[in-house]
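S.K.: pasted the sequence and its predicted model underneath.
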Amino acid sequence: MTESTNLNIAVVGAGPGGYAAAFLAADLGMTVTLIDPEVNPGGVCLYRGCIPSKALLHVAKLIEESHQAKDWGIEFASPKIDLARLRSFKENVVKKLTGGLGVLSKQRKIHYVKGRAEFENSTTLQVTKSNGSQESLSFDKIILATGSRPAIVPALKLDTPRMMDSTGALNLEDIPGTLLVVGGGYIGLELGSVYAALGTRVTVVEMLPGLLPGADRDLVLPLHKRLEKMFDGIRLNTTVASVQDEGNGIRATLKAQDGTTQEKLFDRVLVSVGRKPNSEIPGIEKTRAQVGERGFIQVNKQLQTDDPDVYAIGDVVGEPMLAHKASHEGRTAVEAIAGHKVAFEPNAIPAVVFTDPELAWCGLTETQAQNENREVKVVKFPWAASGRAITLDRPEGMTKILFDPQTERVLGVGIVGAGAGEMIAEGVLAIEMAALARDVALTIHPHPTLSETVMESAEVFFGTSTHIYRPKRG
Ligand SMILES: Cc1cc2nc3c(=O)[nH]c(=O)nc-3n(C[C@H](O)[C@H](O)[C@H](O)COP(=O)(O)OP(=O)(O)OC[C@H]3O[C@@H](n4cnc5c(N)ncnc54)[C@H](O)[C@@H]3O)c2cc1C
């Protein structure tokens, strides 16, 4: 394939998928137009997703640690919360990062258009700018990066600010006395943790038998135990059958699996039951791009749709709906357009839940291995045997590695514990580099760090972990 960087391309949507694609295209010498309704690039991730939630979770962790400090002989007074200041801290974080992206976009001479795009045909977009003016622009290739939005449950639709989606919850209008979180996925648990730390009595309702359905149960357990202490209640196998606005609160009917119901009044309700792809791009039917049953735009491994001139990336093309997946897809699409021989086929995409403790995993999970009847050797290193975990007074964590018993290759890594989200990248690298148990065990890790638990897990594979005694057989 010949390299073709002298192209004029458009990227629709400036989230982590869209702006990563646009920036790489500009770096490769393409002429780039990036279209998004916001004043600067950032998308859901920076404006109302990853970044504001993590700023608030940082504060939540500080509050929780200040309570725990009592056990270490230090007692702080109850925190006084200045909500306006907390909100402005979060908003400044968003402004700083999105503003920075705006500068990077200008430096790369990207034509940034604040507006919304619709298709006239496969290579022509009609852009409606924020001032109402319209412009028709033609390109060699178009990349769709339109992202996703919160899923709506019709039975839980009420026209009152007491009913919130993740965007509403991040606005932090007040600290409600009570909050019902519908959905025990990562967004519900992260935002529930923020409100609980600020003093709200939080109830989580999940229709499945466990929180965080995608994660292994043994990893979820320590988190579940801690959340049980933080939250007013965690109701599994339960659905919210209906909600009613009673003026002074929302009356919710909780329905358990056995059919029993309970009514409870909540100050606010957060509905976090998943996200829906923004694939209803006006005029998309004028292209050959196809939208599949679950609403995702269909693409091949080069992120090309059924229309050779249209590519699509990020949340709008499928799970996992995560920012880093979107960015990597964006860069792959641009390279494919440039004529490089590339494919998006990662061996591991990390998932992180930024609760306290954090939960992170990548590659094969134990549940997946069981479901696929796949033979794996699972080793676990409990953090109660980690010097660093003990210094942090956080012994409840665990590091787990799945190995191929024949080749001794690392197939999957799961970590629960403080800082698991930072540690999981080592697991991703090990999987992508086809590392063997010996490679991980022989890699000298700094002491005392939680990262040593990865090395010691690999030592457990050989039955020779320094900090775990294994009685000899026979
Ligand atoms: C509360 C919350 C917390 C999250 N936390 C994390 C996290 O910690 N880590 C993580 O990896 N992921 C997290 N996510 C998910 C993450 O935000 C998404 O996976 C990511 O933003 C997807 O990127 P994207 O580029 O596909 O699209 P998006 O970020 O959704 O951006 C799409 C952009 O396209 C624009 N757009 C749509 N249609 C048009 C059109 N016709 N014309 C022009 N522009 C258009 C939209 O307005 C938007 O700005 C979180 C999400 C939420 C809601």
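M.R.: Looks like it arrived, so ask away.

S.K.: quick check: pLDDT value at the residue in the stretch 251-400 of the chain positioned nearest to the ligand.
M.R.: Using CB to the nearest ligand atom, the single residue of the stretch 251-400 of the chain nearest to the ligand is Gly314, 2.2 Å away. The way it works is simple: take the backbone N, C-alpha and C, and place the C-beta from them, glycine included. What the model reports as pLDDT for Gly314 is 98.

S.K.: what separation is there between it and Leu104?
M.R.: 19 Å (CB to CB, to the nearest Å).

S.K.: quick one, what contacts Ala437?
M.R.: Ile401, Phe403, Glu408, Val410, Ala458, Phe461, Phe462 (CB atoms under 8 Å, 6 or more residues apart in numbering).

S.K.: could you identify the most distant pair in those?
M.R.: Spanning the widest gap among the contacts of Ala437 are Val410 and Phe462, at 13.7 Å by CB to CB.

S.K.: circling back to that earlier point, wait, the residue of the stretch 251-400 of the chain closest to the ligand touches Val12, no?
M.R.: No - Gly314 is not in contact with Val12 according to CB atoms under 8 Å; the separation is 10.8 Å.

S.K.: what helix or strand is the closest residue to Pro79 other than its chain neighbours on?
M.R.: The shortest distance from Pro79 to any non-neighbouring residue, by CB to CB, 6 or more residues apart in numbering, is to Ile63 (5.5 Å). Using DSSP states H and E, Ile63 maps to helix 50-68.

S.K.: Ile401 too?
M.R.: Applying DSSP H and E, one finds Ile401 within strand 398-403.

S.K.: re the thing from before, which neighbours do Gly314 and Val12 share?
M.R.: Joint contacts of Gly314 and Val12 (CB under 8 Å, 6+ apart) are Gly18, Ala145, Thr146.

S.K.: mind putting those residues in TSV, neighbour count included?
M.R.: Putting these into TSV (neighbours: other CB atoms under 10 Å) gives the following:
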residue	neighbour count
Gly18	28
Ala145	34
Thr146	27
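
S.K.: in helices, which of those residues appear?
M.R.: Gly18 (DSSP state H).

S.K.: and the shared contacts of Gly314 and Val12, which is closest to the ligand?
M.R.: Using CB to the nearest ligand atom, these come closest to the ligand at Thr146, 3.6 Å.

S.K.: do the lengthiest helix in the chain and the ligand meet?
M.R.: Counting residues, the longest helix found in the chain (DSSP H) is helix 83-107. No - remark: helix 83-107 sits outside contact range of the ligand, by CB under 6 Å from any ligand atom, the gap being at least 10.4 Å.

S.K.: that helix - contacts with which helices or strands?
M.R.: helix 16-27, helix 43-48, helix 50-68, strand 111-121 (3 or more CB pairs under 8 Å, 6 or more residues apart in numbering; DSSP states H and E).

S.K.: list the buried residues of that helix.
M.R.: The neighbour-count check on helix 83-107 (16 or more other CB atoms under 10 Å) flags Leu86, Arg87, Lys90, Val93, Val94, Lys95, Leu97, Thr98, Leu101, Gly102, Leu104, Ser105 as buried.

S.K.: what's the answer for stretch 419-429, then?
M.R.: Quick answer for stretch 419-429 (16+ other CB under 10 Å): Gly419, Ala420, Gly421, Met423, Ile424, Glu426, Gly427, Val428.

S.K.: can I get the host helix or strand of the third one in PDB, CA atoms only?
M.R.: Taking DSSP H and E as the definition, one finds Gly421 inside helix 420-432. These are the backbone C-alpha positions of helix 420-432, laid out as PDB (Å, rounded to 0.1, in the frame of the first residue of the first chain):
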ATOM      1  CA  ALA A 420      -5.100  -0.700  40.900                       C
ATOM      2  CA  GLY A 421      -5.800   1.600  38.000                       C
ATOM      3  CA  GLU A 422      -2.200   2.700  37.800                       C
ATOM      4  CA  MET A 423      -0.900  -0.800  38.100                       C
ATOM      5  CA  ILE A 424      -2.900  -2.500  35.400                       C
ATOM      6  CA  ALA A 425      -0.800  -1.000  32.600                       C
ATOM      7  CA  GLU A 426       2.000  -3.500  33.500                       C
ATOM      8  CA  GLY A 427      -0.500  -6.300  32.900                       C
ATOM      9  CA  VAL A 428      -1.500  -4.900  29.500                       C
ATOM     10  CA  LEU A 429       2.200  -4.600  28.500                       C
ATOM     11  CA  ALA A 430       2.900  -8.200  29.700                       C
ATOM     12  CA  ILE A 431       0.000  -9.500  27.600                       C
ATOM     13  CA  GLU A 432       0.900  -7.400  24.500                       C
END
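
S.K.: who's in contact with that helix?
M.R.: Here helix 420-432 has contacts from 346-350, 352-354, 357-363, 397, 399, 401, 410-413, 415, 435, 439-440, 450-451, 453-454, using CB under 8 Å, 6+ apart.

S.K.: now do stretch 154-171
M.R.: 48-49, 52-53, 56, 87, 90, 150, 152, 173, 182, 187, 191, 194-195, 240-245, 249-250, 266-272.

S.K.: which among the residues you listed count as buried?
M.R.: Buried, going by 16+ other CB under 10 Å: 48-49, 52-53, 56, 87, 90, 150, 182, 187, 191, 194-195, 240, 243, 249-250, 266-272, out of the contacts of stretch 154-171.

S.K.: so which of the residues you listed sit within strands?
M.R.: Pro150, Val182, Val240, Val243, Ile250, Phe266, Arg268, Val269, Leu270, Val271 (DSSP state E).
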